[in-house]
Structure formats: structure tokens, C-alpha cells
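[1] Structure for this input, please:
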Amino acid sequence: MALHTCKTCGAVAPDRGHLCEPVEAKEIYECDYCGEKASQKAHLCKPKLAKISYYCEACGRSAVKEDELCKPRVVEG
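    Next up, the predicted model:
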């Protein structure tokens with residue numbers, strides 16, 4: 001069964017009829033935190049977003065653990 005993703009919002013669904021601008025998904029990633037399927041590897045779900053403590057000074061990527069980044073910096077807030 002092929003999965004589809006929405007070209008506009010990135011939502012994933014097995015049926016094209018559930019998406020506003022469906023295209024066949026080339027690659028689908030599963031979130032390590034919530035298990036949701038996403039079209040982007042850098043999916044940020046609410047459980048992960050609540051735990052983010054670091055960001056990378058080099059690329060801006062966010063992470064829960066310091067060792068997930070090349071130049072980690074503590075998120076101040």
C-alpha cells in the first residue's frame with residue numbers, strides 16, 4: 001500500500017482523499033517520540049517539543065539531548 005503526503009502541510013495518509021494536495025510519498029519517517037508518520041525527518045511533535053533543551057549553533061536544529069547536535073547550546077527560556 002502506497003502512502004501519500006500533502007504537498008501543502010506534510011500530513012500523511014494511506015488514502016489520497018484525506019489530503020488537500022496529495023502526492024505519492026517518496027519516503028516516510030516515524031517519529032521516535034510519538035510514533036506519528038511524517039514526510040519530513042525533522043518532525044517536531046508536541047511531546048518532543050516539550051522536552052527540547054538544546055539547539056545547534058551551526059545549523060539551528062533542535063534536540064532533546066546534547067549529543068544529538070554537533071555544536072549544542074542550551075535553550076534559555
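
[2] next one: the lowest-mean-pLDDT helix or strand in the chain to chain centre, how far?
    Scoring the helices and strands of the chain by mean pLDDT, DSSP states H and E places strand 37-38 at the bottom, with a mean of 82. On the basis of Cα atoms, centre = their mean, to the nearest Å, the separation between the geometric centre of strand 37-38 and that of its chain is 7 Å.

[3] now what about it, what contacts it?
    Under the criterion Cβ atoms under 8 Å, 6 or more residues apart in numbering, residues Leu3, Gly10, Val12, Ile28, Tyr29, Glu30, Cys31 lie in contact with strand 37-38. Heads up, the C-betas are built off the backbone N, CA and C, glycines and all.

[4] Just the buried residues from the residues you listed, in PyMOL please.
    Restricted to buried positions by 16 or more other Cβ atoms under 10 Å, the PyMOL selection for the contacts of strand 37-38 reads:
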select buried, resi 12
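
[5] returning to what we had before: and the next helix or strand after the least confident helix or strand of the chain, what's buried?
    Helices and strands here follow DSSP states H and E; after strand 37-38, the next one along the chain is helix 46-51. When burial is assessed from 16+ other Cβ under 10 Å, helix 46-51 yields the following buried residues: Lys48.

[6] Tell me which residues of stretch 49-59 come out buried.
    Residues of stretch 49-59 classed as buried by neighbour count (16+ other Cβ under 10 Å): Tyr54, Tyr55.

[7] picking that back up, so what strands line up beside the least confident helix or strand of the chain?
    Each strand paired with strand 37-38, and its direction, by DSSP bridges: strand 29-30 (antiparallel).

[8] which residues touch the residue most central in space within the chain?
    For the chain, the residue lying nearest the average C-alpha position, counting by Cα atoms, centre = their mean, turns out to be His43 (0.6 Å). The neighbourhood of His43, defined by Cβ under 8 Å, 6+ apart, consists of Tyr29, Cys31, Glu36.
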